[in-house]
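Engineer: Okay, here's the prediction I keep looking at, along with the sequence it came from:
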Amino acid sequence: MRVAVLGSGSGSNCQSLMDAITAGTLNARIVGVFSDVAEARILGRARQAGIPAAYIDPSPYKTKIDGEAEARYIEALEACGAELIALAGFMRIVKRGLLTAFAGRIVNIHPSLLPAFPGMQSWKQALDYGTKVAGCTVHFVDEGTDTGPIIIQRVVPVRVGDTPESLHARIQVEEHIAYPEAIARIADGSICAPIRGNG
């Protein structure tokens, strides 16, 4: 399976996919890594691994990919022949044009047990709420905020004395297991993409 990755930060989840491919546990090839941040470490990780990587201007919006920026992303993703788009710390809202161009073929990893705690800093939301368990979710992306069909989840117990930083660090460990496993299930056909209607 030809996978393209979109990310805004360090790229640790992208690295987990690259490591799984190298280890032979993920039957996929990363054909491109793209970022809305010119100096994002995810781009450096990809280039070091010999994977085509590029910054794509996200203007004019600050929080979403839409309009001309969306067209630039679609063009780049189609040019590299991506069959699946993996969002890995991509801090922009994906809008209808991209969702339509890659219908049922965009996945995301979120640091909570969805549907609990969607949105930003979900590990802090979990601590503030007082929950006993946190975790991570890999899901297909739809037009809602972290509302798409769930592929896989991994649980992380909340410990006495946890800080947002300590909890987030343990969640990331599980993310690096969950994301390659979820994409492997899609690649081998054991998980099917959701069917999107015309409405």
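Structural biologist: Perfect, thanks for sending it.

Engineer: Give the burial count for residue 162, as a bare number.
Structural biologist: Counted by other Cβ atoms under 10 Å, the residues lying close to residue 162 total 18. Yep, even glycine has a C-beta here, placed from its N, CA and C like the rest.

Engineer: cool, residue 177 as well?
Structural biologist: Residue 177 sits with 14 neighbouring residues when counted by other Cβ under 10 Å.

Engineer: Mind listing residues that contact the host helix or strand of it?
Structural biologist: Residue 177 belongs to helix 164-187 when elements are defined using DSSP states H and E. Contacts to helix 164-187, defined as Cβ atoms under 8 Å, 6 or more residues apart in numbering, come from residues 1, 3, 12-13, 15-17, 19-20, 25-28, 84, 86, 88, 107, 109, 111, 121, 123-124, 126-127, 134-138, 151-156, 158-159, 191, 193.

Engineer: swap in stretch 48-66?
Structural biologist: Outside stretch 48-66, the residues within contact range by Cβ under 8 Å, 6+ apart are 18, 30-38, 40, 42-44, 46-47, 67-69, 72-73, 76, 80, 91-95, 97-98.

Engineer: can you check stretch 123-139 too?
Structural biologist: Outside of stretch 123-139, the residues within contact range by Cβ under 8 Å, 6+ apart are 107-114, 116-117, 119, 122, 146, 148-158, 162-164, 167-168, 171, 174-175, 178-179, 182-183.

Engineer: make it 7 Å
Structural biologist: Outside stretch 123-139, the residues that touch it by Cβ atoms under 7 Å, 6 or more residues apart in numbering are 107-114, 117, 148-158, 162, 164, 167-168, 171, 174-175, 178-179, 182.

Engineer: how about that stretch: buried residues?
Structural biologist: 123-127, 134-139 (16 or more other Cβ atoms under 10 Å).

Engineer: Rebuild the residues you listed as TSV, extending it with secondary structure, distance to residue 102 and pLDDT.
Structural biologist: Formatted as TSV, the buried residues of stretch 123-139 follow (DSSP: H, G, I helix; E, B strand; the rest coil; distance: Cβ to Cβ, whole Å; pLDDT from 0 to 100):
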residue	secondary structure	distance to residue 102	pLDDT
123	helix	28	96
124	helix	31	96
125	helix	29	96
126	helix	30	95
127	helix	34	95
134	strand	29	97
135	strand	26	98
136	strand	22	98
137	strand	20	98
138	strand	16	98
139	strand	15	97
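
Engineer: ok, the spatially most central residue of the chain - contacts?
Structural biologist: By Cα atoms, centre = their mean, the chain has its centre lying nearest to residue 87, at 2.6 Å. In this structure, residue 87 makes contact with 6, 106-108, 141, judged by Cβ under 7 Å, 6+ apart.

Engineer: give me that answer again for 8 Å
Structural biologist: By Cβ under 8 Å, 6+ apart, the contact set of residue 87 is 5-7, 94, 106-109, 141.
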